[in-house]
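**Q** Got a predicted model here, sequence first, then my questions.
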Amino acid sequence: MSQPTQHQLVRIGTGSDSLSKSQKEFNRLTQKIEETTAELKQLREASDYIYQRLQANYQPFVDQYIQLRVNLVRLFDRAYEHDDITRAEQKKLADLIRTIASDLIFQYDVDSLEPIYAKYKTSDSDEPDQQLATWTGERSDDSGYDSDSVVAEEAAEDERQRQRASKPKSEKRLAREAKKKADEQNTTKAVRTLYMDLVKAFHPDREPDEAEKVRKTEIMHRVIAAYEKSDLLALFRLQLEFERIDQAHLESLAESQLNYYNKILRQQAQELDDELAGLQKQLARMTGKSKFTAGSLVGFDISLNSDIGQLKRDTKQLKNDLKALADLGVLKQWLKSYR
């Protein structure tokens, strides 16, 4: 009886002393791919969990806190226009409005505050002005887009490429290109050979038995998915699982064939490494950690619970502040302590 695909190990031999260099490389690469794939699976699950927790348990409190800060800006804006507010108090209110509104606009995309922010901008606030122009779709003169230097550089690069293309190719270069093309064809053929063998064995179209037809259809979905991703290891697993090849077949692979397989496996291993690194960076950004691994989840939960608790306290305090500062007398008294 065949084993489930996820437990099917693809290795040549059990010992290492009698294995050739290519066979050892094959084993090393298949093991690396297995390990990286398992780590990717863990990180994808962690990513889903983190995203769900952030959206369900954290983001609602962030949104509430942001809205309260928006309300605070609008409160200060209304107070600024009040007849009882002095010039000194207006200056302080304008400074508060610029500071809070700038953060909300550029950090949290609260575009509704842009008119208020523009109203209180001072002539020396050039940097926020440039940021605001960017967010509203405008371009400053020094943005670099469509500038003469960029156009000139692109034209020069086009000319260099044209000249390189027009140069006669040397015999060595032609030989290298021919070898590269042959290698690519052989590696593609190596994957396609495994794929076509599985297609011939499990294509369901001519299967008369309905139950067997369903089984073959499910197998073909897996075969096609592996082939479309050029997943050589998955195709080997399927070959072993459904006994199209056996251990003896793996151990009798010719060196030339192994070299092509190893080339595909190296590329597959590199692609998985790149995907893993990208996911780790994404999770690091999401969690605020310099590096994230599957083992970081416990620390994430503790940190998130602490952040949620602090956010709740800050929200409660801001609600109280808004209620108190709605009284003009309290606001004027509070402004005395603002520097």
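**A** Received, thanks. Residues are numbered from 1 along each chain as shown.
**Q** Assess the claim that Ile100 and Leu72 are in contact.
**A** Yes - the criterion here is C-beta atoms under 8 Å, and Ile100 meets it with Leu72 at 6.5 Å. Placement of C-beta: from N, CA and C, glycine included.
**Q** And for Tyr227, the neighbour number?
**A** If you count neighbours by other C-beta atoms under 10 Å, Tyr227 ends up with 20.
**Q** er, Asp327 I mean
**A** Asp327 has 11 neighbouring residues, counting by other C-beta under 10 Å.
**Q** Helices along the chain, start to end?
**A** Ranges of helices in the chain, per DSSP state H, are 21-53, 59-80, 87-108, 114-120, 126-135, 148-166, 171-202, 210-228, 232-241, 247-251, 255-287, 297-325, 328-336.
**Q** For the first one, buried residues please.
**A** This points to helix 21-53. By 16 or more other C-beta atoms under 10 Å, the buried positions in helix 21-53 come out as 22-23, 25-27, 29-30, 32-34, 36-37, 39-40, 43, 46-47, 50, 53.
**Q** what angle do it and helix 232-241 make?
**A** If you take axes from the mean of the first three to the mean of the last three C-alpha atoms, to 10 degrees, helix 21-53 sits at 100 degrees to helix 232-241.
**Q** other SSEs contacting helix 21-53?
**A** Applying 3 or more C-beta pairs under 8 Å, 6 or more residues apart in numbering; DSSP states H and E, one finds that helix 21-53 makes contact with helix 232-241, helix 255-287, helix 297-325.
**Q** mean confidence for the shortest one?
**A** Mean per-residue pLDDT for helix 232-241: 88.
**Q** got the contact list for that helix?
**A** Helix 232-241 is contacted from outside by 2-5, 8, 10, 30, 33-34, 190-191, 194-195, 197-198, 219, 222-223, 225-227, 244-246, 250, 261, 264-265, 268, using C-beta atoms under 8 Å, 6 or more residues apart in numbering.
**Q** Weed out the non-buried ones from the residues you listed.
**A** The neighbour count (16+ other C-beta under 10 Å) marks 8, 10, 30, 33-34, 190-191, 194-195, 197-198, 219, 222-223, 226-227, 244-245, 250, 261, 264-265, 268 as buried among these.
**Q** how close does the residue nearest to Ser112 when sequence neighbours are not counted sit to Ser290?
**A** Excluding the flanking residues, the one nearest Ser112 by C-beta to C-beta, 6 or more residues apart in numbering is Val70, at 7.3 Å. Using C-beta to C-beta, to the nearest Å, Val70 is found at 32 Å from Ser290.
**Q** what's the answer for Leu335, then?
**A** According to C-beta to C-beta, Leu335 and Ser290 sit 41 Å apart.
**Q** Now the weakest link among the helices of the chain, please, by mean pLDDT.
**A** Ranked by mean pLDDT, those end with helix 126-135 at the bottom, a mean of 42.
**Q** and Lys200, how many neighbours?
**A** 9.
**Q** Return the residues in contact with it.
**A** So Lys200 contacts nothing (C-beta under 8 Å, 6+ apart).
**Q** and what of Asn262?
**A** Shown in contact with Asn262 (C-beta under 8 Å, 6+ apart): Ser22, Glu25, Phe26, Leu29.
**Q** number of nearby residues for the closest residue to the first one other than its chain neighbours?
**A** For Ser22, ignoring the flanking residues on the chain, the nearest one in space by C-beta to C-beta, 6+ apart is Leu258 at 4.2 Å. For Leu258, the count of nearby residues is 20 (other C-beta under 10 Å).
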